[in-house]
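Student: Curious how this folds, go ahead:
(3 chains)
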Amino acid sequence: MAPSVDTRALIGRQRELAAQVIDRDDLRLPPELVAGVDAAFPDQGRTTRAAAVLMRFPELETVDEVVFEQATELPYIPGLLSFRELPAILGALERLALPPELVLCDGQGRAHPRRFGIACHLGVATGLATIGVGKSRLCGQHDEPGPEKGAAADLVDGGEVIGRVVRSRDRVRPLYISVGHRVSLATAVDLVLTCTPRYRLPEPVRRADRLAGRHSPA
DNA sequence: GCGACAG
DNA sequence: ATCTTGTCGC
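Tutor: Here you go, the predicted structure:
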């Protein structure tokens, strides 16, 4: 893996690509095929293993699953996560039997310092509608949402609402939901909640997590 | 200078 | 993310 990274160049690319993000609903609603993607780093991080799980919406029945791996190219750098994970994720996504209409990503969308998290990057790179589903905060401030499923609070940064902090299940740590591409924030929250009938993470992402990581079947 | 920092 | 065992709570 590259020992040094030209962070200035990557940040510059994020700034120009961020202008291409569409934060309005521009997809079929409701969608019929939704995918979840995630990546893991086996072998001390030398390998990047991405997984994509395609499900029918809103039934959440699995239609196809793909695991794709390649040598890791970059280290993890806060704010530049997408350059490290995207190549393998694109490889997995391309190998699905059918293209998804919407992709749920493990990580931020516009809730990013330059408004270009991995969900935005994946969306602009493929043209697909995407939503960022973060398990923790990268930037921005927010009030604590109520304890019940569905409770939410605005995630604000630089005086702008960049996402919503949402309780996906009763009494669990909230999810950081933000626009990736071609979806409005309100629709993003609605779709994520519909994809989360039982666990903290939306089903497509949870399944991709399990497929990529070293867990057990269940 | 100090603190924060997706996965 | 990854390294790692038992343990507290519903």
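Student: Output the contacting helices and strands for the longest helix along chain A.
Tutor: Assignment by DSSP state H gives helix A:81-94 as the longest helix of chain A. Applying 3 or more Cβ pairs under 8 Å, 6 or more residues apart in numbering; DSSP states H and E, one finds that helix A:81-94 contacts strand A:33-40, strand A:47-56, strand A:61-71, helix A:118-126. (Glycine included, C-beta is placed from N, CA and C.)
Student: now the ones you listed in a markdown table, with mean pLDDT, distance to DNA strand B and mean neighbour count?
Tutor: Listed next are those as a markdown table, based on pLDDT from 0 to 100; distance: least, Cβ to the nearest atom of the strand, whole Å; neighbours: other Cβ atoms under 10 Å:
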| stretch | mean pLDDT | distance to DNA strand B | mean neighbour count |
| --- | --- | --- | --- |
| strand A:33-40 | 98 | 6 | 26 |
| strand A:47-56 | 98 | 10 | 23 |
| strand A:61-71 | 98 | 15 | 15 |
| helix A:118-126 | 98 | 4 | 25 |
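Student: any chance of these in TSV, with distance to DNA strand C too?
Tutor: Listed next are the helices and strands packed on helix A:81-94 as TSV, based on distance: least, Cβ to the nearest atom of the strand, whole Å:
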stretch	distance to DNA strand C
strand A:33-40	3
strand A:47-56	7
strand A:61-71	11
helix A:118-126	12
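Student: what about stretch A:149-168, distance to the chain center?
Tutor: 16 Å (Cα atoms, centre = their mean, to the nearest Å).
Student: And stretch A:72-85, by the same measure?
Tutor: The mean C-alpha position of stretch A:72-85 is separated from the chain mean by 14 Å, Cα atoms, centre = their mean.
Student: Span of that stretch from start to end?
Tutor: 8 Å (Cα to Cα, to the nearest Å).
Student: And stretch A:186-200, by the same measure?
Tutor: Stretch A:186-200: ends 19 Å apart by Cα to Cα.
Student: Tell me which residues are up against that stretch.
Tutor: By Cβ atoms under 8 Å, 6 or more residues apart in numbering, the surrounding residues in contact with stretch A:186-200 are A:25, A:29-31, A:34, A:57-58, A:60, A:102, A:104, A:109, A:131, A:133, A:149-150, A:152, A:164, A:166, A:168-169, A:172-173, A:175, A:177-180, A:183, A:202-204, A:206.
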